[in-house]
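Student: all I have is the shape, not the residue letters:
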């Protein structure tokens, strides 16, 4: 009984950490840049593929792959923001119009990224083995990579949280999320930070993907589910709320692990039920502000 | 000539955002037929008070009463049907719709009573004439000059048959001639029997139009009285730091 | 003395003219086009009928998507969910009531989609913002997984069998459905609720302030639009003998519908029709032959359209820029002609 409980708990925390990381990136993007990038999951997928190729072709272990992927994903984020979202922002008549059209554009982005990968590398699952040796904790057996993943997601999320709360750039980013007008007036280069923030979100997604790839196979079509999960997490935690995203990610991770243990085919249903519940009870999210 | 019926009342209204109170324990009355001026430095809580009255924001504490009935928890549309209309400081017209349609939609839905198409169209034409926009009826709202935009907002608000009209800085940014035309328009609106609560920074206009004035500062009501009383009040002069009233 | 007998005449005449413009003409046009569509099979080859059925289905999809999403600016990313619900409802009802007439089955398929739409609307359209788009984003995939899970775990059989219908019959019904959908869309656009919906898209807060019950209008129009989506799904399913969750809830339909509506132009009624015809024609062929490349190009096209021609083809060709460009080209052309062919100056 204890073993099963630990199994589920660790699995939940591991996945929860991944979800939290993914959600953090999406929260940054939505909270600051006001873009709900539906291709976020595909950034995760690309991170996973990058780790796969780095490991398989160059023998680079995933921990180093994190360091290699970060600038790559950052560059990709900058390019996507500059080519797609920035022009949209300039053209948009209002914030809500911008949000709407950028969701449509990001929807197209999903198809571009997914099918680029399929055309280049095929649609089948790709996996590699890293630290798969078993570790025993109180009778429950896990692959070592699970625990490494848990450690990594914890370090990265906490590190990033500290970046946002302690550094000047981090505070500037949070200022934009709170009140763009005032941020302008305070001399913050809002436009440049839009690109930076979006790209940081992409980096977090990529890292989540790298960590994911150490445990599970990657495929070109995996992005969709991760976008969906990230989206449910940020709604649960409150749109734009970083802390809410971290908590929400862990909650969803544990719920997912519990449901997988009981009835594996219904994980998505469970997430949608939670989605529904939050929308009906408190749409602004657990940590969201009440009212308008 | 203002009556003695309180058409709109705020009873110890408070609105907090997190730890900050945008509006703090404000009580006011708007009498039937009067023009009540609402002044105060930027950030004093005037637009928040408007939001509380129109329903765009909910009060943390206190009550809003319309014709003696509490409307504090009512939806925006419901308050509109009852007879509260407003304009917006940032000018929220329907940009991709024509001037005519901007007013038409308000005429059709403003009272919530299923008005006939023909009647609504007729009323729209009349209102456009009333504010002087008849020649621009088929123009898109987004192409209008500032003064025309303000007039359209007013026409749209009037189309909902309000008993109370909230004017949020309708004269801001206008040339002196346009301000004078605006003042004249507001006078004509009052002549129709509509009670007006107006936020305005242009002191001449506020002093000239208002029967009474309420002064807000940091979300609190710090003074209330006739224009003469307010103009000579030391408290008010202090907060405006020497601006000629 | 003269005005008295004239006024009632003028009133009656005005009433007749406005009724004509509002109801009678559009319905007459609808009846006429239906007649033309129905008569077509006598003069064309069978494969044309099959192609036209697909295009007509795409017209229903794109128009039913556009009629709500375009004016309100609430973009549904999950039309495939409502399409699939229609398919499955039809399959279940058709096998339960084999002798039921087709129109009745189609009606119930449409109703079932509307019921789903109503609950989605109740949950997500009463709150402003991206929630509607986000919720519909995963809806078709959710249903696909759930139906598959149900079939595997609860009923034991995957997919369902349907009695196949003749191509010509499917075509005729689809034509009627398409015409009705376009007619309803047209009438709604010109009605007060169409106006209200546009005001919601242009400024929801302001719309509330002028007395529009925004939640009710959004939910009502969205629910109604999904009826046609469901009916179209049910109808097209009759071309096959076997359907399953993968077919019913195929997510490519989400992308396709959005693409057609945007490409054709969301702001004019003719836009989605244009998009359906242009993209629908190449779709079945190209998608089947080069699935990944065509999806890639579709995604690229969507991004390009959103960035550069968000008003779509129809919007572009009726915009001032195009009209003035055309006028300028004509003027230059006529000037050149005036100077004579030999003159190079």
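Tutor: Nice, I can see it. For clarity, every value in this text was computed on a predicted model and none was experimentally measured. Numbers count the residues shown, from 1 in each chain, chains lettered A, B, ... in the order given.
Student: quick one, strands of chain C?
Tutor: The residue ranges that make up the strands of chain C, judged by DSSP state E, are C:160-161, C:242-243.
Student: is chain C contacted by stretch A:265-281?
Tutor: Yes: with C-beta under 8 Å from any C-beta of the partner chain as the measure, stretch A:265-281 is seen reaching chain C through A:265, A:266, A:268, A:269, A:272, A:275, A:276, A:279, A:280. From N, CA and C alone the C-beta is placed, and that goes for glycine too.
Student: show me those that map onto strands.
Tutor: Counted as lying in strands by DSSP E, out of the residues of stretch A:265-281 next to chain C, is not a single one.
Student: follow-up on the earlier one: okay, the strands of chain C in TSV with mean pLDDT and distance to residue C:77 next?
Tutor: Formatted as TSV, the entries for the strands of chain C read as follows, by pLDDT from 0 to 100; distance: least, C-beta to C-beta, whole Å:
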stretch	mean pLDDT	distance to residue C:77
strand C:160-161	87	26
strand C:242-243	92	23
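Student: closest to residue B:131 out of the ones you listed?
Tutor: strand C:242-243 (58.7 Å; C-beta to C-beta).
Student: that closest one - contacts with which helices or strands?
Tutor: helix C:79-96, strand C:160-161 (3 or more C-beta pairs under 8 Å, 6 or more residues apart in numbering or on different chains; DSSP states H and E).
Student: okay, now the sheet partners of that strand, with direction.
Tutor: Next to strand C:242-243 in the sheet, as set by DSSP bridges, lie strand C:160-161 (antiparallel).
Student: count residues in the vicinity of residue A:269, would you?
Tutor: The tally of other residues near residue A:269 (other C-beta atoms under 10 Å in any protein chain shown) stands at 17.
Student: list the contacts of it.
Tutor: By C-beta atoms under 8 Å, 6 or more residues apart in numbering or on different chains, the contact list for residue A:269 reads C:142, C:145, C:146, C:149.
Student: report the buried members of the residues of stretch A:265-281 next to chain C.
Tutor: For the residues of stretch A:265-281 next to chain C, a neighbour count by 16 or more other C-beta atoms under 10 Å in any protein chain shown gives the buried set as A:266, A:268, A:269, A:272, A:275, A:276, A:279.
Student: quick check: the second one touching residue C:144?
Tutor: Same thing as residue A:268. No: with contact taken as C-beta atoms under 8 Å, residue A:268 and residue C:144 are classed as non-touching, separated by 9.4 Å.
Student: now name the helix or strand holding residue B:150.
Tutor: Take DSSP states H and E as the rule and residue B:150 turns out to sit in helix B:146-158.
Student: pLDDT and neighbour count for the contacts of residue A:269 - can I get that in CSV?
Tutor: Putting the contacts of residue A:269 into CSV (pLDDT from 0 to 100; neighbours: other C-beta atoms under 10 Å in any protein chain shown) gives the following:
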residue, pLDDT, neighbour count
C:142, 95, 21
C:145, 93, 20
C:146, 94, 17
C:149, 91, 18
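Student: tell me which two of those sit farthest apart.
Tutor: Spanning the widest gap among the contacts of residue A:269 are C:142 and C:149, at 10.5 Å by C-beta to C-beta.
Student: which parts of the stretch 101-250 of chain A sit against chain C?
Tutor: So far as C-beta under 8 Å from any C-beta goes, the stretch 101-250 of chain A lies against chain C at A:101, A:103-105, A:107-112, A:114-116, A:118-119, A:123, A:224-225, A:227-228, A:231, A:235, A:239.
Student: out of those residues, which sit inside strands?
Tutor: Taking DSSP E as the definition of strands, these contribute nothing to them.
Student: tell me the buried residues within the residues you listed.
Tutor: Buried residues within those, counting neighbours by 16+ other C-beta under 10 Å: A:101, A:103-105, A:107-112, A:114-116, A:118, A:224-225, A:227-228, A:231, A:235, A:239.
Student: so of those, which ones are in helices?
Tutor: Under the assignment DSSP state H, these contribute A:101, A:103-105, A:107-112, A:114-116, A:118, A:224-225, A:227-228, A:231, A:235 to helices.
Student: the residue most central in space within chain B in helix, strand or coil?
Tutor: Here the mean C-alpha position of chain B is nearest to the C-alpha of residue B:166 (C-alpha atoms, centre = their mean), at a distance of 1.5 Å. Following DSSP: H, G, I helix; E, B strand; the rest coil, residue B:166 is assigned to strand.
Student: grab the nearest non-local neighbour of it.
Tutor: The spatially closest residue to residue B:166, leaving aside those adjacent along the chain, is residue B:86, at 3.7 Å (C-beta to C-beta, 6 or more residues apart in numbering or on different chains).
Student: now do the same contact list for that neighbour.
Tutor: Residue B:86 sits in contact with B:50, B:53, B:54, B:157, B:165, B:166, B:167, B:168, C:209, where contact means C-beta under 8 Å, 6+ apart.
Student: around chain B, pick out the residues from the stretch 51-200 of chain A.
Tutor: In this structure, the stretch 51-200 of chain A approaches chain B at residues residue A:93, judged by C-beta under 8 Å from any C-beta.
Student: where exactly do the helices run in the stretch 51-200 of chain A?
Tutor: A:62-80, A:86-91, A:95-121, A:144-166, A:168-178, A:180-185, A:190-213 (DSSP state H, counting those that start in this stretch).
Student: chain center to the first one: distance?
Tutor: It stands for helix A:62-80. Taking C-alpha atoms, centre = their mean, to the nearest Å, the mean C-alpha location of helix A:62-80 is offset from the chain mean by 14 Å.
Student: and it, which residues are buried?
Tutor: Buried residues in helix A:62-80, defined by neighbour count with 16+ other C-beta under 10 Å: A:62, A:65, A:66, A:69, A:70, A:72, A:73, A:74, A:76, A:77, A:80.
Student: packing partners for that helix?
Tutor: Counting by 3+ C-beta pairs under 8 Å, 6+ apart, helix A:62-80 packs on helix A:40-58, helix A:190-213.
Student: buried residues in the longest one, which are they?
Tutor: Residues of helix A:190-213 classed as buried: A:190, A:193-213 (neighbour count, 16+ other C-beta under 10 Å).
Student: relative to helix A:168-178, how tilted is that helix?
Tutor: For helix A:190-213 against helix A:168-178, the angle between stretch directions is 100 degrees (axes from the mean of the first three to the mean of the last three C-alpha atoms, to 10 degrees).
Student: quick check on the residue sitting furthest away from the middle of chain B: phi, psi?
Tutor: Distance from the C-alpha centroid of chain B peaks at residue B:118, with 28.2 Å (C-alpha atoms, centre = their mean). The main-chain torsion angles of residue B:118 are listed as degrees, to the nearest 10 and equal phi -60, psi -40.
Student: and it, what pLDDT?
Tutor: In the prediction, the pLDDT value recorded for residue B:118 is 90.
Student: related to what we said a few turns ago, can the buried ones among the residues of stretch A:265-281 next to chain C go into a markdown table with extra columns for distance to residue A:218 and pLDDT?
Tutor: Conversion of those to a markdown table gives the following (distance: C-beta to C-beta, whole Å; pLDDT from 0 to 100):
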| residue | distance to residue A:218 | pLDDT |
| --- | --- | --- |
| A:266 | 24 | 91 |
| A:268 | 19 | 91 |
| A:269 | 24 | 93 |
| A:272 | 24 | 93 |
| A:275 | 25 | 94 |
| A:276 | 30 | 93 |
| A:279 | 31 | 92 |
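Student: closest one of the residues you listed to residue B:36?
Tutor: Relative to residue B:36, the closest of those is residue A:279; by C-beta to C-beta it sits at 40.4 Å.
Student: which residues touch the closest one?
Tutor: Residues in contact with residue A:279 (C-beta under 8 Å, 6+ apart) are A:235, C:123, C:124, C:127, C:131, C:135.
Student: try residue B:198
Tutor: Under the criterion of C-beta under 8 Å, 6+ apart, the neighbours of residue B:198 are B:35, B:36, B:37, B:38, B:166, B:167, B:168, B:170, B:186, B:206, B:209, B:210.
Student: swap in 10 Å and give it another go.
Tutor: When the contact criterion is C-beta atoms under 10 Å, 6 or more residues apart in numbering or on different chains, the partners of residue B:198 are B:35-39, B:46, B:50, B:87, B:165-171, B:186, B:205-206, B:209-210, B:213.
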